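>>> quick one, structure for this:
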Amino acid sequence: SLRLVKDTVVLYDLCQPVLEDTKALLKTGVELTQDIAPNLPVIRADAERLKQILRNILGNAAKFTERGSVGLEVALDEKEEFVVFKVSDTGAGIPPEQEKKIWGAFNQGD
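Okay, the predicted model is just below:
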């Protein structure tokens, strides 16, 4: 079973090594963008699991982006109740016929 550890997490500090790791994965000419809001609260979360999730999603974005950009945005939602992580890229995207498949457990696209 997976055991989560509750750490005190400063989100800006957590994101920086993940972004550095992502830079190393980018193809030549692909830009890494970041927009980490200055008003983020300190949160309680499993820092290593959160970094793992961000590395996986950003790593996939980098892997499938041939040109353009890969980005990470971290901000509070409109009601300032939740922290929202948004990963964007200019890659080819997910073919419609694979969208349902990849959101199932332990699946990925081609």
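
>>> can you pull the contacts of the nearest residue to R44 once chain neighbours are set aside?
Excluding the flanking residues, the one nearest R44 by C-beta to C-beta, 6 or more residues apart in numbering is K6, at 5.0 Å. Quick note: C-beta positions are derived from backbone N, CA and C, even for glycine. Counting by C-beta atoms under 8 Å, 6 or more residues apart in numbering, K6 makes contact with 44-46.

>>> quick one, longest strand in the protein?
strand 68-76 (DSSP state E).

>>> output the contacting helices and strands for the strand or helix carrying A61.
Using DSSP states H and E, A61 sits in helix 47-63. For helix 47-63, the packing partners by 3 or more C-beta pairs under 8 Å, 6 or more residues apart in numbering; DSSP states H and E come out as strand 7-9, helix 11-25, strand 68-76, strand 83-89.

>>> one more time with 6 Å, if that's ok
helix 11-25, strand 83-89 (3 or more C-beta pairs under 6 Å, 6 or more residues apart in numbering; DSSP states H and E).

>>> quick check: buried residues in the longest one?
Which is helix 11-25. Within helix 11-25, the residues that qualify as buried are 11, 14-15, 18-19, 22, 25, counting by 16 or more other C-beta atoms under 10 Å.

>>> roughly how far does D77 sit from A37?
Distance, D77 to A37, using C-beta to C-beta, to the nearest Å: 11 Å.
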